[in-house]
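>>> Here's a sequence, model it:
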Amino acid sequence: MIRTLDNKNKQMIRIDEYEALKKKLTAAEFTVITDEIDKLVNESNGKFVPSWQDIDWSNAVFKPLVNACGGDVEMSSKFYGLICWDVIRQRSEVWTYTKFEQNGRKFSMYFL
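Sure, this is the predicted structure:
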């Protein structure tokens, strides 16, 4: 479950867009991506910042996101964020979601 800082559970994305992008990935590609994100969440010590700016899009794990988005890195970063949201949403812990800005860069953050 994910909640916002104001404790209101609300839908933060358009599910239809997410599902359309997911269909462009094979099941194996999606599993590798979600497993990698789940690993990053596990290593985050309860404070996960899915920083798409730091992703190597040529990396074999995340390259399928770029392919699914027709080579559009901006769209790929949004898709990555949606997958992060989905991975965290399915976890048993209750995570809180917020956005922040640091040094002119915008970030999302999930924390326990």
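
>>> Let me see the ranges of the strands in the chain.
Assigned by DSSP state E, the chain shows strands spanning 2-4, 47-48, 95-102, 105-111.

>>> which strands and helices sit next to the shortest one?
When you say that, I think you mean strand 47-48. strand 105-111 (3 or more Cβ pairs under 8 Å, 6 or more residues apart in numbering; DSSP states H and E). Yep, even glycine has a C-beta here, placed from its N, CA and C like the rest.

>>> okay, the angle between the strand it packs on and strand 95-102?
Inter-element angle recorded for strand 105-111 and strand 95-102: 160 degrees (by axes from the mean of the first three to the mean of the last three Cα atoms, to 10 degrees).

>>> Can you report how many residues neighbour the spatially closest residue to Thr26 that is not a sequence neighbour?
With sequence-adjacent residues excluded and distances taken as Cβ to Cβ, 6 or more residues apart in numbering, Thr26 is closest to Pro64, at 7.8 Å. Pro64 is flanked by 19 other residues according to other Cβ atoms under 10 Å.

>>> Surely Pro64 is in contact with Ile33?
Yes - with contacts counted by Cβ atoms under 8 Å, Pro64 reaches Ile33, the gap being 6.9 Å.

>>> so what sits against both of the two?
Residues touching both Pro64 and Ile33 (Cβ atoms under 8 Å, 6 or more residues apart in numbering): Leu25.

>>> Grab the nearest non-local neighbour of Gly81.
Counting by Cβ to Cβ, 6+ apart, Pro50 is the residue found nearest to Gly81 once chain neighbours are left out, at 6.0 Å.

>>> I'd like to know the phi and psi angles of that neighbour, please.
phi -80, psi 80 (degrees, to the nearest 10).
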